[in-house]
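[1] Please work out how this folds:
(chains A and B)
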Amino acid sequence: AQTVTQSQPEMSVQEAETVTLSCTYDTSESDYYLFWYKQPPSRQMILVIRQEAYKQQNATENRFSVNFQKAAKSFSLKISDSQLGDAAMYFCAYRSAYGGATNKLIFGTGTLLAVQP
Amino acid sequence: DTGVSQNPRHKITKRGQNVTFRCDPISEHNRLYWYRQTLGQGPEFLTYFQNEAQLEKSRLLSDRFSAERPKGSFSTLEIQRTEQGDSAMYLCASSLLQGGFTEAFFGQGTRLTVV
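    The predicted structure follows:
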């Protein structure tokens, strides 16, 4: 069974600074996706960034980038130029890429990010 | 279509009562998921529908839980004889089954409190 571990329950960053959220996972599959989701208070979860396991290049989306280390099964999220609106719970998630799978998401326990003005 | 809609947003019920939640997915999405999120935890998968067929159920889905998706449109999740341990946020997500990657979109959830 696949597992996702986030070892940082809470993080804090100053506005305009950079913060890195950590995630490790365990799987025996070779084809999968990894995601970072953002869950603001009382609002729905939204996808921040995704990484396909077969791609060596790290994904980037504007101020968000990942450091994907497949051999180490590590998948960290870097937020550059942090903004007040980045404050939220961040979840790392895994999804199998095999055809016929339900494509259900397996989530970590989350990291609560506070952004200090 | 403004996204995945869940109703009600909040539900307070007495222990032992039955509750039902509704999820309206994005209209063309044929995949629908239910997750449960307890305080301090990430969402945990409960069940999956492809169109109207319920294709996977988690062991978390005890016999007090039942989910339906009639005609492959909206879905309902019913909890019978609620217990305090059922207090959680229940999330619905939908996506489109097609070749390649498709994103799952989440609703805002239904927060259940069992007193």
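
[2] What does the pLDDT read for the residue in chain B that chain A sits nearest to?
    Residue nearest to chain A within chain B: B:G42 (3.2 Å; C-beta to the nearest C-beta). Where C-beta positions appear, they are placed from N, C-alpha and C, glycine not excepted. Note on B:G42: pLDDT of 94.

[3] Ok, A:Y98 next?
    82.

[4] doesn't A:E29 make contact with it?
    Yes - between A:Y98 and A:E29 a contact is recorded at 7.0 Å, counting by C-beta atoms under 8 Å.

[5] Let me know the distance separating the residue of chain B closest to chain A from A:E15.
    27 Å (C-beta to C-beta, to the nearest Å).

[6] ok, those two, which is more surrounded?
    The neighbour comparison of B:G42 against A:E15 (other C-beta atoms under 10 Å in any protein chain shown) goes to B:G42, with 22 against 13.

[7] all strands of chain A, in order?
    Secondary structure of chain A (DSSP state E): strands at A:3-5, A:10-14, A:19-21, A:24-26, A:32-39, A:46-52, A:60-61, A:64-69, A:74-79, A:88-96, A:106-107, A:111-116.

[8] Nearest to chain B, out of those strands?
    strand A:106-107 (3.2 Å).

[9] Does chain B have contacts with the closest one?
    Yes - using C-beta under 8 Å from any C-beta of the partner chain, strand A:106-107 reaches chain B at A:106-107.

[10] what is the mean pLDDT for that strand?
    Rounded mean pLDDT across strand A:106-107 is 96.

[11] Pairing partners for that strand, with directions?
    strand A:88-96 (antiparallel) (DSSP bridges).

[12] Okay, and the beta partners of the residue nearest the centre of chain A?
    Per C-alpha atoms, centre = their mean, the C-alpha nearest to the average position across chain A is that of A:W36, at 2.7 Å. Beta bridges link A:W36 to A:I49, A:C92, judged by DSSP bridges.

[13] check contacts around it.
    Applying C-beta atoms under 8 Å, 6 or more residues apart in numbering or on different chains to A:W36 gives the contacts A:21, A:23, A:47-50, A:64, A:66, A:77, A:90-93.

[14] Many thanks, we can stop here.
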